[in-house]
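>>> sequence? don't have it. structure:
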Ligand code: BGC
């Protein structure tokens, strides 16, 4: 890992962030960077308690504050309980990073209703339930200008597949396309209340969700044909972007989807064709 911009400066000091699905992968990376930037971090997990505890340990060993909270984001009551625990521990919530996401891949004609519902339930309904709870809490608490210019910040972790169609993954692409217009619509609705809403759309990042796409050198070489910058991303690439989007440094960035993909959305097939 290269130099860490947030190691010295605690630009999120005093703020509390919930990061859904942060027991592994991109979410774990985001939780750690937010903790390093001084935020109190709620490390949400659905089933991987050990992973979540490990992330909490890394944050607290580095001098930060964090707790692990179990919740299945597709369940309304779980989300309400997670917010209640976060607020009773840290007083309020300033930042939501809605990151929890799954893939249940299948050829379209074989896709089951369970595969469809699970992906839409976590990736899209989960984003709705968490964002609604966050917005309610920001409004209840009111402004704290010495902590943050915005009343609160919501960041969705979407995907390049909110733009790029994806055969064999139509439930996933549909969920991310949904997140894109959901994000923009609530940004339009909540902007006047100074709630800042954005997405990050990662490309291929080395995490458990896409292990088969990078774990052998053949697979990685194939994947790199889709990435003009010729590097598979790391969770920290997304985590640093999330810290910036959560901070006042990006206070005029609202309703946008920031693509962080090494150029995957540049249609690399056209570099020598078309
Ligand atoms: C998916 C990964 C995939 C990447 C680029 C992500 O949203 O979860 O499996 O490697 O997009 O295609």
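That came through fine. Here the structure is a predicted model, which means the values were calculated and not measured.

>>> now stretch 198-205, how far from the centre of its chain.
Its chain's C-alpha centre and that of stretch 198-205 lie 8 Å apart, by CA atoms, centre = their mean, to the nearest Å.

>>> so residue 244 touches residue 250, yeah?
Yes. Taking contacts as CB atoms under 8 Å, residue 244 lies within contact range of residue 250: 5.4 Å. (Each C-beta comes from the backbone N, C-alpha and C, glycine too.)

>>> For residue 201, see how far away the nearest residue to residue 226 once chain neighbours are set aside is.
Distances taken as CB to CB, 6 or more residues apart in numbering place residue 264 nearest to residue 226, at 5.6 Å, with adjacent residues excluded. Per CB to CB, to the nearest Å, residue 264 is found 10 Å from residue 201.

>>> Residues that sit against both of those two, list them.
Common contacts of residue 264 and residue 201 (CB atoms under 8 Å, 6 or more residues apart in numbering): residue 160.

>>> what's the single longest strand in the chain?
Longest strand in the chain, counting residues (DSSP state E): strand 195-202.

>>> tell me the contacts of the closest residue to the ligand within the stretch 1-150 of the chain?
Closest contact between the stretch 1-150 of the chain and the ligand, by CB to the nearest ligand atom, is at residue 103 (5.6 Å). By CB under 8 Å, 6+ apart, the contact list for residue 103 reads 119, 169, 172, 209.

>>> same question, residue 256
198, 199.

>>> Just the pLDDT at it, thanks.
pLDDT for residue 256: 98.

>>> so how far is residue 189 from the residue lying closest to residue 187 once chain neighbours are set aside?
The shortest distance from residue 187 to any non-neighbouring residue, by CB to CB, 6+ apart, is to residue 255 (3.4 Å). Separation of residue 255 from residue 189 (CB to CB) stands at 10 Å.

>>> the strands in the protein, which residues?
For the chain, strands defined by DSSP E occupy the ranges 16-19, 40-45, 65-70, 95-98, 152-157, 195-202, 257-260.

>>> just checking, which of the contacts of residue 103 belong to helices?
Secondary structure from DSSP state H places 119, 172 of those in helices.

>>> Now restrict the contacts of residue 103 to buried residues only.
Using 16 or more other CB atoms under 10 Å as the burial test, the contacts of residue 103 include 119, 169, 172 as buried.

>>> could these be laid out in a markdown table, adding distance to the ligand?
Below are these laid out as a markdown table (distance: CB to the nearest ligand atom, whole Å):
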| residue | distance to the ligand |
| --- | --- |
| 119 | 11 |
| 169 | 8 |
| 172 | 7 |
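
>>> Residue 85 reaches residue 68, doesn't it?
No. At 10.1 Å, residue 85 does not count as touching residue 68 under the criterion of CB under 8 Å.

>>> Out of those two, name the residue with the larger neighbour count.
Applying other CB atoms under 10 Å to residue 85 and residue 68 shows that residue 68 carries more neighbours, namely 22 against 17.

>>> Is the more buried one in contact with residue 50, as I believe?
No. Counting by CB under 8 Å, residue 68 does not reach residue 50; the two are 9.7 Å apart.

>>> Pull up the overlap in contacts between those two.
Counting by CB under 8 Å, 6+ apart, the residues touching both residue 68 and residue 50 are residue 23.

>>> Return the residues of the stretch 151-274 of the chain in contact with the ligand.
Counting by CB under 6 Å from any ligand atom, the stretch 151-274 of the chain comes close to the ligand at 159, 160, 161, 203, 204, 209, 210, 213.
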